[in-house]
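Q: model the following, please.
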Amino acid sequence: MPTTLTIHDETTSGKRTNSLTLDFLTERITVRELIRGRIYEEVQDYNLKAPEYFQGLVEPAEAEKVLNGYKLKRRRKIDWEEQYQKALEAFQRNGFFILIGDRQAESLDEEFEVKVETEVSFVKLMPLVGG
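A: A predicted model of the protein is given here:
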């Protein structure tokens, strides 16, 4: 049975700006798997619904930052794998950090237990440009 995890985007001041629910099939995942799940879900959601703005972790290519997220200069599908690679690079260069409970994730291969009550927050430190 899948375990549901709710993740949040937060500003550096602690204000929550976006939330997303993910399902995982195992009780333990790595930070890399968390990022992969998040990117895949948000890109698939955008590609299916085609809203005016993309509200994701990484700015897609040919997009501009606007108040409500990112606005693509032309309507197109976003490639989740490009977004995922850019997100991994951004994590490694400290473009954002991830809080799991009350501690900061330090590496992509760090494992943690997935529980319903686990608080996970992505905190962006600078604008992220991606695929």
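
Q: alpha carbons only for contacts and neighbour counts from here, please
A: Will do.

Q: I'd like to know how far the closest residue to residue 54 other than its chain neighbours sits from residue 115.
A: Nearest residue to residue 54 in three dimensions, chain neighbours excluded: residue 70, at 5.0 Å (Cα to Cα, 6 or more residues apart in numbering). Residue 70 sits 31 Å away from residue 115, going by Cα to Cα, to the nearest Å.

Q: who has more neighbours, these two?
A: Shown here are residue 70 and residue 115; by other Cα atoms under 10 Å, residue 70 has more neighbours (20 against 14).

Q: contacts made by the helix or strand containing that one with the rest, please.
A: Residue 70 belongs to strand 69-72 when elements are defined using DSSP states H and E. Strand 69-72 is contacted by residues 52-56, 59-65 when judged by Cα atoms under 8 Å, 6 or more residues apart in numbering.

Q: list just the nearest of those to residue 121.
A: residue 56 (13.5 Å; Cα to Cα).

Q: assumed the closest one was part of a strand.
A: No: counting by DSSP: H, G, I helix; E, B strand; the rest coil, one finds residue 56 to be coil, located in no strand.

Q: distance of it relative to residue 70?
A: In terms of Cα to Cα, residue 56 sits 8 Å off from residue 70.

Q: which two in the contacts of strand 69-72 are spaced the farthest apart?
A: Farthest pair in the contacts of strand 69-72, by Cα to Cα: 52 and 61, 15.5 Å.

Q: pLDDT on whichever helix in the chain runs longest, on average?
A: Secondary structure of the chain per DSSP state H: the longest helix is helix 31-49. On average, the pLDDT along helix 31-49 is 96.
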